[in-house]
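return a 3D structure for these sequence lines:
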Amino acid sequence: MTTDYDLMIIGGGINGCGIARDAAGRGLRVALAEKDDLAQATSSSSTKLFHGGLRYLEYFEFRLVREALIERETLLRAMPHISWPMRFVLPYHEDMRFENETPTSRLMSRVMPWMKGRRPAWLIRLGLFMYDHLGGRKILPGTKTVDLKSGVEGAPLEDKFAFAYEYSDCWIEDSRLVALNARDAEARGATIHTRTEVKAAERTGDHWTVTLSGPEGQRQITARMLVNTGGPWVRQIIGEVARVNTSENIRLVRGSHIVTKRLYDHEKCYFFQGTDGRIIFAIPYETDFTLIGTTDAEHTDPSVKPECTEAERDYLLNFANGYFKQELTAEDVVWTYSGVRPLYDDGATSATAATRDYVLKVNEAGGAPMLNVFGGKITTYRRLAESALEKIAPFFDDVPGPWTAGVPLPGGNFAVDGVRAQIDALKALAPYLDDRWAKRLVRAYGTEAAEIVAGTASAENLGKDFGATLTEAEVRWLMTREYATRAADIVWRRSKLGLRMTQAEIDALDIWMQNEGASVAA
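Here you go, the predicted structure:
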């Protein structure tokens with residue numbers, strides 16, 4: 001039988017869109033369905049970091065850390081507009097302790113019981129040495145020691161912190177990463193359906209018959225293989241949509257973040273270790289803010305929208321108050337967000353200890369194959385996609401090999417250190433742009449920012465002003481190129497302009513998008 005598609009991917013988060021891009025680039029016929037907006041759940045609620053996972057070394061997850069460290073620079077080259085290097089400052093104090101469940105903590109308690117769970121400075125430095133060398137750095141600078149008594153890094157911190165270690169990781173605009181992968185997948189032949197739910201998937205001999213319900217109504221398509229990247233809903237898709245039996249399960253872990261007004265002047269991030277063994281980050285965010293997170297809490301039901309609880313907010317505030325001189329209170333919090341990480345259930349005793357590695361399982365019982373994706377982290381999404389294609393390829397003839405390493409995402413075809421040149425070129429093209437506006441456009445769209453402002457002599461030529469430099473030209477771009485259909489898609493996922501727009505402005509944008517949607521699509 002001739003099917004409509006080779007792969008039907010369920011879920012429009014980073015894993016689904018990453019697999020769609022990789023598979024479409026290898027010539028497979030791909031369809032992807034997302035029941036809401038792209039990256040609406042977990043993939044827009046991360047801590048926004050491409051990082052190796054320094055703390056995972058304490059769990060002896062060396063393969064995961066090595067893979068993530070290598071990927072940082074591979075990804076950085078492919079998307080220098082939405083990802084960039086950052087330096088992380090790890091203040092040291094003798095009160096810092098291990099999380100009780102780590103293998104390192106248990107080992108240290110046996111060989112050095114007098115430490116009573118404390119993290120010695122030499123062990124942190126050993127971990128950072130491994131962090132510097134496991135992934136073979138070429139772009140990012142290595143670890144150094146910082147004098148907090150004299151450096152700007154120590155100015156916002158309490159006086160008890162005398163020195164810190166400084167190391168490298170990278171920032172990533174997580175939800176933009178998802179949208180750009182979807183765009184590139186579509187450019188390579190994939191069909192992307194948003195606001196489209198997979199109501200049922202039924203094995204019919206050697207293929208799947210999939211029932212979709214979306215803006216065009218309900219219809220059926222056929223595919224040779226089903227790929228389940230449902231994230232928090234991966235287990236429900238297996239049992240309730242595809243009606244397949246499996247012993248695999250996931251562990252839902254809620255990670256909450258708070259955003260405050262900017263707490264310090266420099267552009268470095270802080271890596272804070274708590275007396276309970278956990279860690280949080282404090283990160284410069286959207287120019288005028290500081291992002292603090294994350295928590296690790298069990299979340300039992302994916303149908304319940306994750307929200308930062310008062311207890312989690314207060315935990316993060318108290319954690320940060322153990323480091324910053326400025327006393328933070330609930331009144332300092334301007335925004336919170338929370339996401340659910342669908343971790344593979346490896347039987348760990350706590351949410352913090354659960355593995356962040358991904359697990360891929362193919363189910364062939366009953367005919368047509370189904371690939372289920374459990375877990376994963378945003379840093380290793382591209383490698384996860386390659387691993388998924390290793391599982392997929394045997395079911396098809398002559399599938400080409402890996403190709404995505406270093407291939408730019410849309411707008412990312414410039415040098416890692418070329419952002420300033422892109423900003424200057426954009427301002428030369430549209431002289432009415434100030435530096436801040438031009439930087440925002442370049443950081444969102446890279447070389448494609450020029451297409452948004454092309455042929456305009458003034459800001460008025462960009463059409464309606466929705467507030468916070470968001471104009472009709474940009475909104476139309478996002479609706480026609482990046483699948484945006486509602487205001488929240490734009491102000492909270494394709495950007496974070498919601499931090500600067502009033503609710504009245506966001507409501508007006510939503511009304512305009514609904515009224516103009518048909519004409520924009522046409």
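
okay but N15 is in contact with L384, surely?
Yes: counting by CB atoms under 8 Å, N15 touches L384, with 6.0 Å between them. Bear in mind the C-beta positions are built from the backbone N, C-alpha and C, glycine included.

overlap of the contact sets of these two?
Overlap between the neighbourhoods of N15 and L384 consists of Y358, V373, G376, taking contacts as CB atoms under 8 Å, 6 or more residues apart in numbering.

what about the spatially closest residue to the first one that is not a sequence neighbour, neighbour count?
In this case it means Y358. In space, Y358 comes closest to G376 once its chain neighbours are excluded; the distance is 3.7 Å by CB to CB, 6 or more residues apart in numbering. A total of 29 residues lie near G376 under the criterion other CB atoms under 10 Å.

same deal with P141?
12.

what do you get for the one 4 residues further on?
Around T145 sit 11 other residues, with neighbours defined as other CB under 10 Å.

A468 now?
18.

now swap in A385 and tell me
28.

leaving out chain neighbours, which residue sits closest to the residue most central in space within the chain?
Taking CA atoms, centre = their mean, the centroid of the chain lies closest to D174, which sits 3.5 Å from it. Of all residues not flanking D174 in the chain, S46 sits nearest, at 4.7 Å (CB to CB, 6+ apart).

ok, D184 next?
Closest residue to D184 in three dimensions, ignoring its sequence neighbours and counting by CB to CB, 6+ apart: R21, at 5.0 Å.

list just the nearest of the shared contacts of N15 and L384 to H266.
The shortest distance between H266 and any of those, using CB to CB, involves G376 and amounts to 32.2 Å.

and the closest one, how far from L90?
In this structure, G376 and L90 are separated by 25 Å, where distance is defined by CB to CB, to the nearest Å.

need the next SSE after the helix or strand hosting Y337, C-terminal direction.
Taking DSSP states H and E as the definition, Y337 sits inside strand 333-344. For strand 333-344, the succeeding helix or strand toward the C-terminus, using DSSP H and E, is strand 358-363.

CA atoms of that following strand as CSV?
Once non-C-alpha atoms are left out, strand 358-363 reads as follows in CSV (Å, rounded to 0.1, in the frame of the first residue of the first chain):
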residue,chain,number,x,y,z
TYR,A,358,17.0,10.0,26.8
VAL,A,359,15.7,6.5,26.0
LEU,A,360,14.3,5.4,22.6
LYS,A,361,12.1,2.3,22.3
VAL,A,362,10.7,0.8,19.1
ASN,A,363,7.4,-1.2,19.4
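
buried sites along that strand?
Of the residues in strand 358-363, those with enough neighbours to count as buried (16 or more other CB atoms under 10 Å) are Y358, V359, L360, K361, N363.

can you tell me which of the residues you listed is nearest P410?
Distance ranking of those against P410, using CB to CB, places Y358 first at 25.1 Å.

list the contacts of that closest one.
Residues in contact with Y358 (CB under 8 Å, 6+ apart) are N15, Y344, V373, F374, G375, G376, K377, T380, L384, S387.

identify the bridge partners of the second one.
Beta-bridge partners for Y344, by DSSP bridges, are I250.

from memory it sits against V373, does it?
No: counting by CB under 8 Å, Y344 sits too far from V373 to count as a contact (9.7 Å).

give me the common contacts of these two.
Joint contacts of Y344 and V373 (CB under 8 Å, 6+ apart) are Y358, V359.

circling back to that earlier point, who has more neighbours out of N15 and L384?
The residue with the greater number of neighbours, taking N15 and L384 and applying other CB under 10 Å, is N15; the counts read 34 against 26.

what residues are up against that one?
Contacts were defined as CB under 8 Å, 6+ apart; by that measure N15 touches T229, G231, Y358, V373, G376, Y381, L384, A385, A388.

go with 6 Å
If a contact means CB atoms under 6 Å, 6 or more residues apart in numbering, then N15 has T229, V373, G376, L384 as its contacts.
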